[in-house]
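Visitor: need a 3D model of the following:
(3 chains)
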Amino acid sequence: MLTKNLRLKKYSAFIATYSLNNKAADENLCIYFGKEKQDAEISTKFAFVVSKKIHKRAVIRNRIKRLMRESVRLLLKNNKIENLNKYLSVIIVARKGSIGADFEKINNSIYDLIKKK
RNA sequence: GAGAGCAGACGAACAAUCGCGUAUAAGAAAUUAUAUGAGGAAAGUCCGCACACCCAAGGGCAGAACGACGGAUAACGUCCGCCGAAGGCGACUUCAGGACAAGUGCCACAGAAAAGUAAACAACCAAUAAGGUUCAGGUGCAACGGUAGUGUAAAAGACUACCAGAGGUAUUGAGAAAUACCUGCUCGGUAAACUCCGUUCGGGUGCAAGAUUGAAUAAAAGGUUAAGGCUGCCCGCCGUCUUUUGAAAAAUCGCAAAGAACUUUAAGGCAACUUAAAGUCAAGACAGAUGAUUGUUUAGAAACAGAAUGCGGCUUAUGAACUGCUCUCUUUU
RNA sequence: GCCUCUGUAGCUCAGCUGGAUAGAGCGCUUCCGUCCUAAGGAAGGCGUCGCACGUUCGAAUCGUGUCAGGGGUA
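Guide: Take a look at the predicted model:
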């Protein structure tokens, strides 16, 4: 779990981010980007979504969520995704390809998709 | 040694680096330090409780669950003991295990007949008929107790012996029941068919229950005894209702450390369990915490699987390697 | 969290007040038809009734458990 100021919490913020429909996807993941920032001081907020449609078991869904979270944490720490800073919010949604994936696969997916943007 | 039966335990360990939730302490704050952080099923939501609120002026009809007996428990559809039945050579296992002799229904095809003191196709007696009987044949899951004999014209519980059931009496037991004797009493199956009997349940909603604080609870128009509420329905009772526009939808508690709690010991009890003493305090969010990488050990860095108000059960899923007791067979002494 | 419904042929559905060969439409295969195709006609195979256990003489149907899928509600 990321620290509290990096988490996206409000329901209205989710709706706003989804409605922009600014997204990038492959078979594993789908990333939604929110509005562009006015103030550079505000930190970018993240949310991770693994729907029950992906898989029935909570263990597998939790596993995917944790891997995504860890991957984002490490990328932020190493400053590899600087181009993310201009967005207010980012939602990462898992797709069916991510079932049973290891850390390497998830990490590469996120890195590639963000870099493309 | 082989094959079974029952019960039990375990649910990888250690280290390093980078991280997350909660609590406590320090600090103006950023933050820092310390402690701690997922199961035996957390699952399915199948039962039972606690807890909370709503409705409870009544009356009637429904309804649901359970079902040998005795106990345990907060309670249970759970557990323990025991009886009976069924299965197994046995250890042992399984059982929705009240009543069809209160009433109603159903029992296809076949068969005379599927339950009503029941047919007379063939058979038997007899000269024939009237009559007697349901033995034998045949049908069917099931044919009006079964087997063997006596008896008779031929037969039949008509009579006898054994077996099965029913009723009664006596003894034993806390009881289900068991044992013995008597009565020829013999009346089909099905209640996981309706139903009857007994027992239990005030009803409803589930922590998004609900409580407190804050905000709001205002205005306009229209309609009229219909709608709405009170238990599923009826009676009965209460009672204005609908539409449009506006605002709000946040925080704290519930709830996270104290109880039907857990561990050990002792006493009582066949046991479930109870009582007493000592010790322990052990997750807790609200977009929702337990992760990532590496190394070593084991067996290949293993199964099923992730807390959301809390407990007691049941059911289902579950890798590898184990432990104890018991039974049967075989071999050796 | 709570409530509720459905699993039958390749697909969409009947049958579910127990009685036997489990039906209908579309589809599929073969044949007829036509110069060829379509329409039309004839024939055919198509099923562990989600699974397990039970009740019953007999279960798709009744009961219990279980698995899977869908819907509603806050």
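Visitor: and the residue nearest to residue A:69 when sequence neighbours are not counted, what are its bridge partners?
Guide: The spatial neighbour of residue A:69 that comes closest, neighbours along the chain excluded (C-beta to C-beta, 6 or more residues apart in numbering), is residue A:48 at 5.9 Å. For the C-beta atoms, the positions are set from N, CA and C on the backbone; glycine is no exception. For residue A:48, the beta-bridge partners under DSSP bridges are residue A:92.
Visitor: spatially central residue in chain A, please.
Guide: residue A:92 (2.9 Å; C-alpha atoms, centre = their mean).
Visitor: which ones are touching it?
Guide: A:29, A:30, A:31, A:32, A:46, A:47, A:48, A:49, A:68, A:72, A:110 (C-beta atoms under 8 Å, 6 or more residues apart in numbering).
Visitor: now do the first one, the pLDDT please.
Guide: Put plainly, it is residue A:29. Per-residue pLDDT puts residue A:29 at 78.
Visitor: also the last one?
Guide: Looking at residue A:110, its pLDDT is 81.
Visitor: again, but for the fifth one
Guide: If you check residue A:46, the pLDDT there is 79.
Visitor: residues of the longest helix seen in chain A that come out buried?
Guide: Looking across chain A with DSSP state H, the single longest helix is helix A:58-77. Neighbour-count burial for helix A:58-77, counted by 16 or more other C-beta atoms under 10 Å, picks out A:61, A:63, A:64, A:65, A:67, A:68, A:69, A:71, A:72, A:75, A:76.
Visitor: so what's residue A:46 closest to, chain neighbours aside?
Guide: residue A:90 is the one closest to residue A:46 (C-beta to C-beta, 6+ apart), at 5.2 Å.
Visitor: tell me the secondary structure at the one you found.
Guide: Using DSSP: H, G, I helix; E, B strand; the rest coil, the three-state assignment for residue A:90 comes out as strand.
Visitor: the one 10 residues further on now?
Guide: In terms of secondary structure, residue A:100 is coil; the call rests on three-state DSSP.
Visitor: what about the residue nearest to it when sequence neighbours are not counted, distance to RNA strand B?
Guide: Distance criterion C-beta to C-beta, 6+ apart; nearest residue to residue A:100, sequence neighbours excluded, is residue A:60 at 7.4 Å. Residue A:60 sits 7 Å away from RNA strand B, going by C-beta to the nearest atom of the strand, to the nearest Å.
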